[in-house]
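**Student:** here's a sequence, model it:
(one chain, ligands or ions: 1)
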Amino acid sequence: MGVTARRILLASTPVGPLGSGIGGGVELTLHNMVYGLGLRGHHVEVVAPSGSLHVGERVHQVDGALQVSSQTQDRDALIEMPSGSVLAAMWRTVSDIQGEFDVVINLAYDWLPLYLTSYLEVPVLHLVSMGSLNDVMDAALADVAQQVPGRLAAHSLAQAETFPDPAMFRIVGNGIVTERYDVQLAADAGAALGFVGRISPEKGLEDVAELSARTGRVVRVWGMMQDEAYWDRIVAEHPDARLDYRGFLPTDELQAEIGRCAALVMTPKWVEAFGNVAIEAMATGVPVLTYDRGGPAEIVVDGVTGFVVPADDVDALARTVGRIDEIDRAACRQRVDEEYSSLAMADRVVGWVDDVVGAVSVPIEA
Ligand code: HBI
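**Tutor:** Numbers count the residues shown, from 1 in each chain. From the prediction side, this is the model:
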């Protein structure tokens, strides 16, 4: 019997058009879901702010004022809806076309889609992209969990645990298009370490500088220079650190550069909901040295695909640098192929959809 073809509508983030990079990890997640679900024979369309790149069978491009990022809000921030809101217009489109779909999966970290969940005929699922940020969102998520259980998913247990009731969330991990990553089974002897992430305080670059100073290893740093003052302060405070800032690279170039590193270092100071860079590095065969905090600590298999040390313990991190050669780089890639490929993620998403939508919709011919 053929696989049941699902007609899936993905509602993107309202903070920026697809391809602008403003949506950060959500863009990577959406692209990967479209690719994996398409590979499995499902019909996927997207609703996104106008100016978005084409992706999937069709992108419904919606005009309107972009939403302010939740990350800039504090805990008691009120929900802001700009006049001419693109988010409101996106969900008017969702409502207009809902009859053509078996399910809508929302990727926006916003109040409106949550509130609309029980007012649409089509089942709406929410893949929550960040940890708990403010009280209004926490309450809206709790309302959805109470009204229609089973509709919320998170990328990692650590992310779910930032909310009052972690049990509200199904954990679905994440995935990347592994075909875009070339595994490099050997690094140059004494090769540099790598760091990938926005240059911003929550990424803990001061610990990376400390690590470089203690081990004498060069750390190549890739990422958008979001906070120049922060960077300058770190360089000034760590004269012995050997940090080699290499700017922001698109995925295809970045993966080739990461693949030449001896290991990727992750020193998150906040709870990363997932940590896509960990699976991107492992996909190129590169072990990951990370703090036991957030998503990366659930991705790295300690001693197999890298090492997990107590959070903020730079000494422990420095000791793992001397153990990098214990890791089989092929095992890093294998772990990604098994757990974090587009198909593995798509299968977890379809399993979630099946549990919510249940009955068969349109069988694909065998
Ligand atoms: N803020 N309001 C809002 N909505 C989003 O969907 C959103 C955001 N801030 C950041 C963000 N999405 C993504 O960059 C992260 O979820 C990865």
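**Student:** for stretch 299-311, buried residues please.
**Tutor:** Within stretch 299-311, the residues that qualify as buried by neighbour count (16 or more other C-beta atoms under 10 Å) are 299, 300, 301, 305, 306, 307, 308, 309, 311. For glycine as for every other residue, the C-beta is placed from the backbone atoms N, C-alpha and C.
**Student:** who does the fifth one bridge with?
**Tutor:** What that stands for is residue 306. Beta bridges link residue 306 to residue 288, residue 302 when assigned by DSSP bridges.
**Student:** now for it: which residues touch it?
**Tutor:** 263, 264, 282, 287, 288, 289, 290, 300, 320, 327, 332 (C-beta atoms under 8 Å, 6 or more residues apart in numbering).
**Student:** how about the contacts made by the fourth one?
**Tutor:** If you count contacts by C-beta under 8 Å, 6+ apart, residue 287 has them with 262, 263, 264, 281, 305, 306, 307, 324, 327, 329, 332.
**Student:** what about the last one, which SS state?
**Tutor:** When you say that, I think you mean residue 332. Following DSSP: H, G, I helix; E, B strand; the rest coil, we place residue 332 in the helix state.
**Student:** excluding chain neighbours, what is closest to it?
**Tutor:** residue 282 (4.0 Å; C-beta to C-beta, 6 or more residues apart in numbering).
**Student:** gap between that neighbour and residue 330?
**Tutor:** 11 Å (C-beta to C-beta, to the nearest Å).
**Student:** which of the two has more neighbours?
**Tutor:** Remark: of residue 282 and residue 330, residue 282 carries more neighbours, 33 against 11, as counted by other C-beta atoms under 10 Å.
**Student:** what's the pLDDT at the more buried one?
**Tutor:** Residue 282 carries a pLDDT value of 98.
**Student:** now do the phi/psi pair for it.
**Tutor:** For residue 282, the backbone dihedrals are phi -60, psi -30 (criterion: degrees, to the nearest 10).
**Student:** before we move on, what about residue 243?
**Tutor:** Per degrees, to the nearest 10, the backbone of residue 243 is at phi -100, psi 130.
**Student:** that one bridge partners, please.
**Tutor:** As assigned using DSSP bridges, the partners bridged with residue 243 are residue 219.
**Student:** contact partners for the nearest residue to residue 251 once chain neighbours are set aside?
**Tutor:** Leaving aside its chain neighbours, residue 251 sits nearest to residue 180 (6.2 Å; criterion: C-beta to C-beta, 6+ apart). Residue 180 makes contact with 251, 252, 255, according to C-beta under 8 Å, 6+ apart.
**Student:** of the residues you listed, just the buried ones, PyMOL syntax please.
**Tutor:** In PyMOL, this line selects whichever of the contacts of residue 180 come out buried by 16+ other C-beta under 10 Å:
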select buried, resi 255
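**Student:** closest to residue 13 among the contacts of residue 180?
**Tutor:** Distance to residue 13 across the contacts of residue 180 (C-beta to C-beta) is lowest for residue 251, with 18.2 Å.
**Student:** how far away is that closest one from the ligand?
**Tutor:** 15 Å (C-beta to the nearest ligand atom, to the nearest Å).
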